[in-house]
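**Student:** take this sequence and fold it.
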Amino acid sequence: MSYSPRILWVEDEPAARRLILGLGSDPAGAARMAGKMVRRLVHLKDVPCRSANILKQEMLALGGDAAVARGTVGCSIPVTDVILIGSLKKLRQLCVRLGDQPFGLPALATDLARLLSSLDAPPAVLLGRSCRLHLDRPRIMGVLNVTPDSFSDGGRFRSLDSALRQGAALAAEGADLIDIGGESTRPGAAAVSAEEELDRVLPIIEALRREVDTPLSIDTYKSSVARAAVAAGAEFVNDISGLQFDSAMARTVAESGAGLFVMHTRGSPETMQQDTRYPDLVGEVLASLESSLAQARAAGIGEEKLAIDPGIGFGKSLEGNLEILRRLREFHSLGRPVLLGTSRKGFIGKVLGQSAPGERLFGTLATVALGVERGAQIFRVHDVRPAREAALMAWAVLSGEHSEQD
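**Tutor:** Presented below is the predicted three-dimensional model:
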């Protein structure tokens, strides 16, 4: 007799519950067992060896494990990184057991419980100045560059009429946001003055706000541009510097009430590709984004107004961009919506041998579908309709949900 064994791949608890209930199991039993089916790895940095040994012992007692550096057991090294290895159920049990332990481990238990909770319930909404962007499905941010030198469409939409037509087209194709940029941030691009940037973007924002209902975002790292753009009708500020280039940006966004996207980059657009080496790429990007979020919160920007962008193509090599895409799920540990911007970028051209940005649509759509699978919620693209269809199709496959009228 054959029992037809096969592998099951379960990413989260809702999927685990569906599988168990599909067997005809009791719902209460499904709720208890689902956490056992989903495994997680949790990285802890610079843990004192005495604490690391307790973590190791507790995880082994629970039937899990913890990876530590050689020398930890005998405390011949002062600190070690730790990787906790176990199911969601075991990690939650660890949080309870750490409550009675010394050496600051109860505080770790609180942080770990918060992390596990954020993975179970990703953000459901992103707030702008006066709008709510619901994240019940993938959302598309359409790119509207009003610059002479953007890498993909520089010069095409510099006039008011052409920019208005393009903005209306992006809205008609299903854009959930329109991101307006007046300064190219492609690798090697020279900076422009705030006055010139304002001359480019303000007439477009004011006119487009009257023509479409789609929320607008201003792509800038200058606080003076952000302030004027939000006053003219922008709902969000998209800062490629993650609040690092202008010390007044966080306060400006807080005072304006706008939503905020913080992105990771290293160096200015003029210099960012000169050194793309990282000892720990994802760790450094996460730490930088966490710092940007802390800065935003300290300035008074509400949690539901914040989103993150790992900065594909900004201070990263081809291999680095691919690594971020592979490990995109790790960015959910920050607890904020993830914006992914891969559209027509150079790393796609390098992989596929395409020198012209306009040839990179299919490569872009592959990254969009992969991004949906890895939990990104917002996608910044030039080609709205193809990206929207790719994202919604991937989402339907993953979630089993669809809307024929959406």
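**Student:** which residues of the stretch 301-406 of the chain fall in strands?
**Tutor:** Under the criterion DSSP state E, counting those that start in this stretch, strands of the stretch 301-406 of the chain are mapped to 306-309, 339-340, 378-381.
**Student:** now the chain
**Tutor:** 39-48, 65-67, 79-87, 125-127, 132-134, 139-145, 177-181, 216-219, 236-239, 259-263, 306-309, 339-340, 378-381 (DSSP state E).
**Student:** just put these in JSON lines and tack on mean pLDDT, distance to Glu359 and mean neighbour count.
**Tutor:** Every C-beta, even on glycine, is put in place using the N, C-alpha and C of the backbone. Output for these, formatted as JSON lines (pLDDT from 0 to 100; distance: least, Cβ to Cβ, whole Å; neighbours: other Cβ atoms under 10 Å):
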{"stretch": "strand 39-48", "mean pLDDT": "94", "distance to Glu359": "38", "mean neighbour count": "15"}
{"stretch": "strand 65-67", "mean pLDDT": "97", "distance to Glu359": "43", "mean neighbour count": "18"}
{"stretch": "strand 79-87", "mean pLDDT": "96", "distance to Glu359": "41", "mean neighbour count": "18"}
{"stretch": "strand 125-127", "mean pLDDT": "98", "distance to Glu359": "32", "mean neighbour count": "19"}
{"stretch": "strand 132-134", "mean pLDDT": "98", "distance to Glu359": "31", "mean neighbour count": "15"}
{"stretch": "strand 139-145", "mean pLDDT": "97", "distance to Glu359": "17", "mean neighbour count": "27"}
{"stretch": "strand 177-181", "mean pLDDT": "97", "distance to Glu359": "22", "mean neighbour count": "25"}
{"stretch": "strand 216-219", "mean pLDDT": "98", "distance to Glu359": "24", "mean neighbour count": "28"}
{"stretch": "strand 236-239", "mean pLDDT": "98", "distance to Glu359": "26", "mean neighbour count": "28"}
{"stretch": "strand 259-263", "mean pLDDT": "98", "distance to Glu359": "25", "mean neighbour count": "29"}
{"stretch": "strand 306-309", "mean pLDDT": "98", "distance to Glu359": "24", "mean neighbour count": "25"}
{"stretch": "strand 339-340", "mean pLDDT": "98", "distance to Glu359": "20", "mean neighbour count": "27"}
{"stretch": "strand 378-381", "mean pLDDT": "98", "distance to Glu359": "15", "mean neighbour count": "25"}
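**Student:** still on that earlier bit, out of the strands of the stretch 301-406 of the chain, which gets nearest to Ala175?
**Tutor:** Smallest distance to Ala175 across those (Cβ to Cβ): 8.7 Å, for strand 378-381.
**Student:** for the closest one, give me every contacting residue.
**Tutor:** 126, 133, 135, 138-143, 176-177, 179, 307, 309, 337-341, 343, 364, 368, 371, 387, 391 (Cβ atoms under 8 Å, 6 or more residues apart in numbering).
**Student:** try it again with 6 Å
**Tutor:** By Cβ atoms under 6 Å, 6 or more residues apart in numbering, the residues outside strand 378-381 that reach it are 139-141, 339-341, 343, 368, 387, 391.
**Student:** give me the below-cutoff pLDDT ranges for the stretch 251-400 of the chain.
**Tutor:** In the predicted model of the stretch 251-400 of the chain, no residue satisfies pLDDT under 70.
**Student:** where exactly do the helices run in it?
**Tutor:** Per DSSP state H, counting those that start in this stretch, the stretch 251-400 of the chain carries helices over the ranges 281-298, 318-326, 346-352, 361-373, 384-399.
**Student:** same deal with the stretch 51-200 of the chain?
**Tutor:** Here the stretch 51-200 of the chain has its helices, by DSSP H, counting those that start in this stretch, at 88-98, 105-120, 160-172, 194-211.
**Student:** which pair in the contacts of strand 378-381 spans the largest distance?
**Tutor:** It's Arg139 and Ser343 that sit farthest apart of the contacts of strand 378-381, by Cβ to Cβ, at 14.3 Å.
**Student:** if we can go back for a sec, just the closest of the contacts of strand 378-381 to Arg277, please.
**Tutor:** The closest of those to Arg277 turns out to be Gly341 (Cβ to Cβ; 22.0 Å).
**Student:** domain boundaries for the protein, per the record?
**Tutor:** Taking automatic domain parsing as the reference, the chain has its domains at 1-37, 40-120, 126-399.
**Student:** quick one on the thing from earlier: just give me the closest of the contacts of strand 378-381 to Arg329.
**Tutor:** Nearest to Arg329 out of these is Leu340 (Cβ to Cβ; 12.0 Å).
**Student:** which residues pair with Asp65 across the strands?
**Tutor:** Counting by DSSP bridges, Asp65 is bridged to Ile85.
**Student:** before we move on, back to that, export the helices of the stretch 51-200 of the chain to a markdown table and tack on distance to Ala15?
**Tutor:** Formatted as a markdown table, the helices of the stretch 51-200 of the chain follow (distance: least, Cβ to Cβ, whole Å):
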| stretch | distance to Ala15 |
| --- | --- |
| helix 88-98 | 12 |
| helix 105-120 | 12 |
| helix 160-172 | 34 |
| helix 194-211 | 40 |
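**Student:** and the ones you listed, which one averages the lowest pLDDT?
**Tutor:** In terms of average pLDDT, helix 105-120 trails the rest of the helices of the stretch 51-200 of the chain, at a mean of 91.
**Student:** can you give me the buried ones in it?
**Tutor:** 105, 108-109, 112-113, 115-116, 119 (16 or more other Cβ atoms under 10 Å).
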